[in-house]
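Enquirer: Need a 3D model of the sequence below.
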Amino acid sequence: MSELTEDQKFLLQTLQQNGGKMVYDDLNKICSEKFEGVRLILKKLKGLGYVNYPGVIPMFGSTIELIKTEL
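Expert: Take a look at the predicted model:
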């Protein structure tokens, strides 16, 4: 598996610091201050098994859940 990017690590650490679950809208507000493309990063992280959420692309009300805690 490839190494995680700094943006991916930041997103995962933000989830970890907030109890492992966040609503997409809240996570997006925090992450969008540092980088763009939060939905695409989440889609990749879901494919790698780090996070889970309903559907293929998270919607604003979707709950994002951290699955893997080791970075």
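
Enquirer: Return the set of buried residues in the longest helix anywhere in the chain.
Expert: Ranked by residue count and defined by DSSP state H, the top helix of the chain is helix 6-17. By 16 or more other CB atoms under 10 Å, the buried positions in helix 6-17 come out as D7, Q8, F10, L11, L12, T14, L15. From N, CA and C alone the C-beta is placed, and that goes for glycine too.

Enquirer: just checking, next helix/strand downstream of it?
Expert: strand 21-23 (DSSP states H and E).

Enquirer: Show me what that next one is packed up against.
Expert: Judged by 3 or more CB pairs under 8 Å, 6 or more residues apart in numbering; DSSP states H and E, strand 21-23 is in contact with helix 6-17, strand 63-66.

Enquirer: got the angle for the next helix or strand after that strand vs helix 6-17?
Expert: Downstream of strand 21-23, the next assigned helix or strand under DSSP H and E is helix 24-31. Going by axes from the mean of the first three to the mean of the last three CA atoms, to 10 degrees, helix 24-31 is angled at 120 degrees with respect to helix 6-17.

Enquirer: Averaged pLDDT, the longest helix of the chain. What do you get?
Expert: Mean pLDDT, computed over helix 6-17, is 97.

Enquirer: now that helix, how far from the centre of its chain.
Expert: Offset of helix 6-17 from its chain centre (CA atoms, centre = their mean, to the nearest Å): 7 Å.

Enquirer: can you check stretch 53-66 too?
Expert: 9 Å.

Enquirer: Mind listing what's buried along that stretch?
Expert: Y53, P58, S62, I64, L66.
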